[in-house]
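Colleague: sequence and predicted structure, then a few things I'm wondering about:
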Protein chains: 2
Amino acid sequence: MANKSKKEHILHVASGLFNKQGIRGTGVDQVVAESKIAKMTLYNHFPSKDDLVLAYLTKQDDEWRSWFEASVDSRAQTPKDKLLAMFDALGEWFGEKEFTGCAFIKAASEFGDPAHPYHGAAHGYKLNLRAYIASLSEDFGPADPGALSDSLYLLVEGAIMAAMLQTAARPALHARRAAEILIAHHAPAAV
Amino acid sequence: MANKSKKEHILHVASGLFNKQGIRGTGVDQVVAESKIAKMTLYNHFPSKDDLVLAYLTKQDDEWRSWFEASVDSRAQTPKDKLLAMFDALGEWFGEKEFTGCAFIKAASEFGDPAHPYHGAAHGYKLNLRAYIASLSEDFGPADPGALSDSLYLLVEGAIMAAMLQTAARPALHARRAAEILIAHHAPAAV
DNA sequence: TTGAAACTATACAGACCTGTATGTATAATT
DNA sequence: AATTATACATACAGGTCTGTATAGTTTCAA
């Protein structure tokens, strides 16, 4: 247990710092200091800062996606309500006190080269999110599920950006209202 | 002229590097090397890297906004067509070979602290964009101009993010189609 | 032509970065 | 009790970063 919890503790502290200060803005020494561990302990568990960052991105991916999908599932049962519940879940996320934006948007922004591994991790993460939205859209059964999921995906990303930049008062709410209109427009013909 | 063009040249080279590699990822020495000027010349025109970055952000703001509004104006005359033309302009932007995403999203991502000046610059820039969309929306004359502009703003940000992360094939087109639906829904009652 | 302003080249200070080296303490296992 | 794995503290190597110092050179206008 001591072994595992140490590694997890380091990763936890590092994740908080990466989220707050960015990846390049956070030095290994600061992670060591705030974790209150020896530098060699960190390098024992993570051979390089790069490995630590990749572990951080993987953790963010796992945690965020499982939280998001669970939050949607707990809020709604029908496909249509689940599509809308996505925006309520986003609203909850945006309202968290320690909200620091989407880790993957920030990672991809810091490392703009599409060939960079961090950028690739962000790309993969967002494709999963898109696939999730597409899956919910198909369950809803509209005539053109692709068009609906494409537009809802853009609303999700837009709401996240607005929350990060604080350029809209309640982006999740605005996005939800727009989603309602789009969903109504794409609604499957009544049987 | 020699004076001014040197300063502009340095800023031009620095802007390209900031866009490609990020702000923290670009060192002063590289700007000096690629500008083919002496380091002291740079520090003569820009007292610190911070001043250089702020000049870069100001320049991006001016250039992008004037380009975007001119592009919209050249594409459409009526308020409704102008709202839609925003997405055609975005599509043109995304298709540029040297497209590197929104400089302000990246700056705000690199410097996540809302109190940081770069973050503030990004915030101001996005508020201007939002105000522009709100102005176009009001010209269109819908019953609820706020709701329309809020939703279109989210589509714009979402499309930019999708273009940056390459998570959608033609984000501007998808955004435009969603915008058509939203605009139709908010259309003013025919007189 | 002369003199001031701008530019150049080179070197370097001091801080910070990642990663390593070294030796010690502690705790579990054999 | 001896061995092994883990964590500890400290120091430092080698590089990069921003910014400065210094001295020589070009440019251009009076």
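Modeller: Nice, I can see it.

Colleague: quick check: domain ranges of chain A?
Modeller: Domain assignment for chain A, taken from automatic domain parsing, gives A:1-47, A:53-186.

Colleague: out of those, which one sits most buried?
Modeller: Of all those, domain A:53-186 has the most neighbours on average by mean count of other CB atoms under 10 Å in any protein chain shown, namely a mean of 19. (Each C-beta comes from the backbone N, C-alpha and C, glycine too.)

Colleague: now do that one, average pLDDT.
Modeller: Across domain A:53-186, the average pLDDT comes to 97.

Colleague: re earlier: for DNA strand D, find the nearest of the domains of chain A.
Modeller: DNA strand D sits nearest to domain A:1-47 of all the domains of chain A, at 3.4 Å, using CB to the nearest atom of the strand.

Colleague: summarise which helices and strands the longest helix seen in chain A is packed against.
Modeller: As assigned by DSSP state H, the longest helix anywhere in chain A is helix A:49-75. Applying 3 or more CB pairs under 8 Å, 6 or more residues apart in numbering or on different chains; DSSP states H and E, one finds that helix A:49-75 contacts helix A:2-21, helix A:28-35, helix A:79-95, helix A:103-110, helix A:117-140.

Colleague: one more pass at 7 Å, please.
Modeller: Counting contacts by 3 or more CB pairs under 7 Å, 6 or more residues apart in numbering or on different chains; DSSP states H and E, helix A:49-75 is packed against helix A:2-21, helix A:79-95, helix A:103-110, helix A:117-140.

Colleague: how about residues contacting the last one?
Modeller: Identification of contacts with helix A:117-140 by CB atoms under 7 Å, 6 or more residues apart in numbering or on different chains yields A:53-54, A:57, A:61, A:65, A:69, A:79-80, A:82-83, A:104, A:107-108, A:111, A:113, A:145, A:148-149, A:152-153, A:156, B:165-167.

Colleague: anything in whichever strand or helix holds A:Asn44 near DNA strand D?
Modeller: Taking DSSP states H and E as the criterion, A:Asn44 maps to helix A:39-45. Yes. Judged by CB under 7 Å from any atom of the strand, helix A:39-45 comes into contact with DNA strand D at A:39-41, A:44-45.

Colleague: most widely separated two among the residues you listed?
Modeller: Largest separation among the residues of helix A:39-45 next to DNA strand D by CB to CB: A:Lys39 and A:His45, giving 11.4 Å.

Colleague: so who does the nearest residue to A:Ile105 once chain neighbours are set aside touch?
Modeller: In space, and not counting its chain neighbours, A:Ile105 is closest to B:Ser109: 6.1 Å by CB to CB, 6 or more residues apart in numbering or on different chains. Residues near B:Ser109 by CB under 7 Å, 6+ apart: A:105-106, A:109-110.

Colleague: near DNA strand D, which residues of chain A show up?
Modeller: Residues of chain A found near DNA strand D (CB under 7 Å from any atom of the strand) are A:2-3, A:6-7, A:36-41, A:44-45.

Colleague: enumerate the residues of chain A near DNA strand C.
Modeller: Contact residues, chain A versus DNA strand C (CB under 7 Å from any atom of the strand): A:26-30, A:39-40, A:43, A:47-50.

Colleague: show residues contacting the strand or helix carrying A:Ile183.
Modeller: Assigned by DSSP H and E, A:Ile183 belongs to helix A:171-186. Helix A:171-186 has contacts (CB under 7 Å, 6+ apart) with A:80, A:83-84, A:87-88, A:90-91, A:94, A:142-144, A:147-148, A:151-152, A:155, A:158-159, A:162-163, A:168, B:147, B:150-151, B:154, B:178, B:181-182, B:185.

Colleague: about what we covered before: can you list contacts of the helix holding A:Asn44?
Modeller: Residues outside helix A:39-45 that contact it (CB under 7 Å, 6+ apart) are A:6-7, A:10, A:28, A:31-32.

Colleague: cool, and stretch A:141-150?
Modeller: Residues beyond stretch A:141-150 that count as contacts (CB under 7 Å, 6+ apart) turn out to be A:133-134, A:137-138, A:182-183, A:186-188, B:168, B:174, B:177.

Colleague: got it, and stretch A:15-32?
Modeller: With contact meaning CB under 7 Å, 6+ apart, stretch A:15-32 is reached by A:10, A:13-14, A:34, A:39, A:42, A:49, A:53, A:56, A:59-60, A:100, A:103, A:106-107, A:110, B:24-25, B:110, B:112.

Colleague: picking up where we left off before, turn the residues of chain A next to DNA strand D into JSON lines, columns for pLDDT.
Modeller: Shown next, in JSON lines, are these (pLDDT from 0 to 100):
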{"residue": "A:Ala2", "pLDDT": "44"}
{"residue": "A:Asn3", "pLDDT": "51"}
{"residue": "A:Lys6", "pLDDT": "87"}
{"residue": "A:Lys7", "pLDDT": "93"}
{"residue": "A:Lys36", "pLDDT": "94"}
{"residue": "A:Ile37", "pLDDT": "93"}
{"residue": "A:Ala38", "pLDDT": "93"}
{"residue": "A:Lys39", "pLDDT": "94"}
{"residue": "A:Met40", "pLDDT": "93"}
{"residue": "A:Thr41", "pLDDT": "94"}
{"residue": "A:Asn44", "pLDDT": "93"}
{"residue": "A:His45", "pLDDT": "94"}
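
Colleague: alright, I will stop here.
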